[in-house]
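Asks: no sequence on this one, just coordinates:
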């Protein structure tokens, strides 16, 4: 059981370049999330999705876009990368309908992104 | 607004010593509370959770936490620390939306170092 898988694991971008981070989960979870982790700030929510075809803004959405065309995948896009987006990005998912898993978020291993 | 405070940024303990990591939260209703651990270069792993009932909860790896409503605290404890416990620890509170506690607010984290 793979759980939550993030690709790529590492990436270096130049300012202004674009890229897409992929998150895939095989647990049939309804909700998915993208966070960024910066030193001394914990994890902050960028965007989230409560189901296929729906997304919403989190705490720090500026400069990012997301899409959830399939239930198992949640994509995070950077259209024009900036040095301030250098961070570690985590994807998570959670179940809504399965009682024992409800409200527990399962995390991927992260993507370390550097923007030069 | 909901918030989580972890007062200690860094803690160093000797192997075999006891450990207590502090967490204080601000939340208007009965909270869902979590402790996650992040080993270097890894994603977040759930240690334990409190949803309701017994205020002393047991988790994986020999950790426990106690919910104290009067102090708005959810401190993590372990009686004897092992070198493999060196990691960063995050406390989080579940924020209700869409009918469930599905949005997490994280503290800034406490980095634990273990001396042999």
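Replies: Done, it's in. Worth saying up front: this structure is predicted, and the values here are computed from it rather than measured.
Asks: can you check the pLDDT for the closest residue to residue A:75 other than its chain neighbours?
Replies: Closest residue to residue A:75 apart from its sequence neighbours, by Cβ to Cβ, 6 or more residues apart in numbering or on different chains: residue A:67 at 5.0 Å. Placement of C-beta: from N, CA and C, glycine included. Among the per-residue scores, residue A:67 holds a pLDDT of 97.
Asks: neighbours of residue A:67, how many?
Replies: 15 (other Cβ atoms under 10 Å in any protein chain shown).
Asks: right, and residue B:31 touches residue B:23 too?
Replies: No: assessed by Cβ atoms under 8 Å, residue B:31 is found out of contact with residue B:23, at 10.8 Å.
Asks: who touches both of these two?
Replies: Both residue B:31 and residue B:23 are contacted by residue B:74, under the criterion Cβ atoms under 8 Å, 6 or more residues apart in numbering or on different chains.
Asks: returning to what we had before: my guess is the residue nearest to residue A:75 contacts residue A:55, does it?
Replies: Yes: Residue A:67 lies in contact with residue A:55 (Cβ under 8 Å); the separation is 6.9 Å.
Asks: near chain A, which residues of chain B?
Replies: Contacts of chain B with chain A, taken as Cβ under 8 Å from any Cβ of the partner chain, map to B:4, B:9, B:32, B:34, B:36, B:41-46, B:49, B:51, B:90, B:94, B:98, B:100-104, B:106-109.
Asks: just those residues: which are in strands?
Replies: The members of the residues of chain B next to chain A that map onto strands under DSSP state E are B:4, B:32, B:34, B:36, B:44-46, B:49, B:90, B:94, B:100-104, B:106.
Asks: residues contacting the residue nearest to residue A:75?
Replies: Residue A:67 sits next to A:55, A:74-75, A:77 when contact means Cβ under 8 Å, 6+ apart.
Asks: from chain B, how far out is it?
Replies: 19 Å (Cβ to the nearest Cβ, to the nearest Å).
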